[in-house]
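**Q** Quick check, what structure comes out for this input:
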Amino acid sequence: MSRFPKPRKLAVPVKPPKGHFFFAGHTIERVKWWTSGPMRKLYFLLVVMVCSNIISDKFRTYLRARS
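**A** Have a look, this model is predicted:
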């Protein structure tokens, strides 16, 4: 009798069909964001938000260094 238990095999996830992805146990179809107007706007606004956050942080650091 062996002293250590046998290692269990891990469950390998099943690949989703082409053009789909799994999220939270559901299969969701991929969307081409560049062909959808609202999705293009969303991605553009996300880029603007990230850039403004970076600039704001840099400016805040600059002001702290001066005082």
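**Q** Next one: the residue most central in space within the chain relative to L42, how far apart?
**A** Taking Cα atoms, centre = their mean, the centroid of the chain lies closest to F23, which sits 11.4 Å from it. Relative to L42, F23 is positioned 17 Å away (Cβ to Cβ, to the nearest Å). For every residue, glycine as well, the C-beta is placed using N, CA and C.
**Q** Around P17, count how many other residues there are.
**A** Using other Cβ atoms under 10 Å, P17 has 9 neighbouring residues.
**Q** Can I get stretch 36-51 in PDB? Just the C-alpha atoms.
**A** In PDB, the C-alpha atoms belonging to stretch 36-51 read as follows (Å, rounded to 0.1, in the frame of the first residue of the first chain):
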ATOM      1  CA  SER A  36     -20.500  48.200 -34.600                       C
ATOM      2  CA  GLY A  37     -21.000  51.900 -34.000                       C
ATOM      3  CA  PRO A  38     -21.700  51.700 -30.300                       C
ATOM      4  CA  MET A  39     -18.800  49.300 -29.700                       C
ATOM      5  CA  ARG A  40     -16.400  51.700 -31.500                       C
ATOM      6  CA  LYS A  41     -17.600  54.500 -29.400                       C
ATOM      7  CA  LEU A  42     -17.200  52.500 -26.200                       C
ATOM      8  CA  TYR A  43     -13.600  51.500 -27.100                       C
ATOM      9  CA  PHE A  44     -12.700  55.100 -28.000                       C
ATOM     10  CA  LEU A  45     -14.100  56.400 -24.700                       C
ATOM     11  CA  LEU A  46     -12.200  53.700 -22.800                       C
ATOM     12  CA  VAL A  47      -8.900  54.900 -24.500                       C
ATOM     13  CA  VAL A  48      -9.800  58.500 -23.600                       C
ATOM     14  CA  MET A  49     -10.500  57.500 -20.000                       C
ATOM     15  CA  VAL A  50      -7.200  55.600 -19.600                       C
ATOM     16  CA  CYS A  51      -5.200  58.400 -21.200                       C
END
